[in-house]
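Engineer: Next comes the sequence, and after it the predicted model I'd like to discuss.
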Amino acid sequence: MSKGSPGPTPGFLVWRLANKWRVAVDRAVAPLGLTHAQYSLVASLYGMQRAGERPSQRRLADHTGLEALYVSKLARALESAGHIERTRDPRDPRAVQLRLTEQGEAVTRQAVAVVQDLHRQLLEPLGGLDAPRTSAFTDELVLLLDTPLAPSAPNTENSRNTENSQGETP
């Protein structure tokens, strides 16, 4: 936060909220043997499969916003746990397709139910899942997520010194 700011910045608040929700989901899905990141992967894969897709790791990375290398690591761990199957894409031998196993589908359905209950609790201050405030909040988040970032300016020594003198972190 800068010295001139009357309170926390929006970026700081988004970061804190994301961390709070990540920790809450981690705790909620831990009894099912999943982490928040693994849950994000299997829940997304579950939804994509229900829509008739058999996504590649790259497609799933794009969908979740996770780095492709991280998706690959998560997929290997989930495969070892018996939750997903990884196979070569017959159309592109470099690509790996993912599919939930029967066990993975069962665990994912349980995890989705647990996380939906958690979301009800977390969104109660806005009036609940179906409240107008929750809908407006969701719309604002989608707007921010859909807005492309401008290319970063070169990181010069002068700009770092200016930021540091204003109390901002580099």
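Structural biologist: Okay, I see it. Numbering: from 1, shown residues only.

Engineer: Now do the helix ranked longest in the chain: everything it contacts.
Structural biologist: Counting by DSSP state H, the longest helix found in the chain is helix 102-123. For helix 102-123, contacts defined as C-beta atoms under 8 Å, 6 or more residues apart in numbering pick out 21, 24-25, 28-29, 32-34, 39, 42-43, 45-46, 78, 82-84, 100, 128-129, 131, 134. From N, CA and C alone the C-beta is placed, and that goes for glycine too.

Engineer: which among those end up buried?
Structural biologist: Buried by 16 or more other C-beta atoms under 10 Å: 24-25, 28-29, 32, 34, 39, 42-43, 45-46, 78, 83-84, 100, 134, out of the contacts of helix 102-123.

Engineer: Can you pick out the most distant pair from the residues you listed?
Structural biologist: Ile84 and Thr134 (31.2 Å; C-beta to C-beta).

Engineer: Confirm for me that Glu85 is in contact with Ala75.
Structural biologist: No: assessed by C-beta atoms under 8 Å, Glu85 is found out of contact with Ala75, at 9.7 Å.
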